[in-house]
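J.: Got a predicted model here, sequence first, then my questions.
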Amino acid sequence: MVASSLIAFIWAFCEATFFFIVPDVWLTWLVISKSDYKELSRAVFCATLGAIVGGIVVYQAGRFLSYSIVSGWLDQVPGISRELIASLAMQVDQNGVYSYLKGMWAGNPYKIYAFLWGAKAGNLWPWLGVSIGARAIRFIFAVLGAVVINKLGEKFIARWALRKTMIFIIAWGCFYIFYFFHFAKIGY
């Protein structure tokens, strides 16, 4: 369905720029709402494209706008602080464009890496290569994980169809409680 892909694109674009809920939420919802694999593939592609377009916007902001303005704007996003930005800036200084590959598995926001790479006036093309691969892989893993959980739920949980929405909400709620608690605890 075109709407699913459009939502995936817009959500990923927004999350790559200013929103703080990952598009993985939408993609995993598509899994449990019985979307077919063709629709899921299109949604993953569109989410990746939306994230990359958003990443380019933030990269350009980092490159051409004042560092303090953009970092101040990012500091307003829940889960991001100036301390986190400074910490990731050291990562980018040490590991360059590849710092995002490590950071994405730690839950560090993509938008910060895009900003920092732009602020360093880093070459856009390697950044795009790493970004496309990393975002697509993460979205694919989210969908595959949801497919496995959905299949196991159908097999082992009585009345799964009635319970899966509640489990979905609880799982993502716990994820974000942990995420925000984790970053608050470490001072970010």
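T.: Structure's in. What do you need? Residues are numbered from 1 along each chain as shown.

J.: in the strand or helix carrying residue 149, what's buried?
T.: When secondary structure is defined using DSSP states H and E, the element that contains residue 149 is helix 124-156. Along helix 124-156, these residues count as buried under the neighbour rule (16 or more other CB atoms under 10 Å): 124, 127, 130-131, 134-136, 138-139, 142-143, 146, 149-150, 153. Any C-beta I mention is one placed from the backbone N, CA and C, and that applies to glycine too.

J.: how distant is it from the center of its chain?
T.: Mean-position distance between helix 124-156 and its chain equals 10 Å (CA atoms, centre = their mean, to the nearest Å).

J.: What about the closest residue to residue 172 other than its chain neighbours, how many residues nearby?
T.: With CB to CB, 6 or more residues apart in numbering as the criterion, residue 172 has its nearest non-adjacent residue at 5.6 Å, and that residue is residue 25. When neighbours are counted by other CB atoms under 10 Å, residue 25 registers 16.

J.: Name the residues that touch the helix or strand harbouring residue 25?
T.: Here residue 25, judged by DSSP H and E, is contained in helix 24-32. Counting by CB atoms under 8 Å, 6 or more residues apart in numbering, helix 24-32 makes contact with 4, 7-8, 11, 39-40, 43-44, 47, 138-139, 142-143, 145-147, 150, 164-165, 168, 172, all of which sit outside it.

J.: can you give me the helices in the chain?
T.: In the chain, helices defined by DSSP state H lie at 2-17, 24-32, 37-64, 67-75, 82-95, 99-105, 110-119, 124-156, 160-185, listed in chain order.

J.: With mean pLDDT as new columns, can the ones you listed be given to me in a markdown table?
T.: A markdown table is the format used below for these (pLDDT from 0 to 100):
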| stretch | mean pLDDT |
| --- | --- |
| helix 2-17 | 97 |
| helix 24-32 | 96 |
| helix 37-64 | 97 |
| helix 67-75 | 95 |
| helix 82-95 | 94 |
| helix 99-105 | 86 |
| helix 110-119 | 96 |
| helix 124-156 | 94 |
| helix 160-185 | 87 |
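
J.: Mean neighbour count, those: which tops it?
T.: Taking mean count of other CB atoms under 10 Å as the contact definition, the stretch among the helices of the chain with the greatest mean neighbour count is helix 110-119, which reaches a mean of 26.

J.: need the contact list for the most centrally placed residue in the chain.
T.: Here the mean C-alpha position of the chain is nearest to the C-alpha of residue 22 (CA atoms, centre = their mean), at a distance of 4.5 Å. For residue 22, the contacting residues are residue 15, taking CB under 8 Å, 6+ apart as the criterion.

J.: Would you quantify the distance from it to residue 111?
T.: 11 Å (CB to CB, to the nearest Å).

J.: shared neighbours of those two, anything?
T.: Shared contacts of residue 22 and residue 111 (CB under 8 Å, 6+ apart): residue 15.
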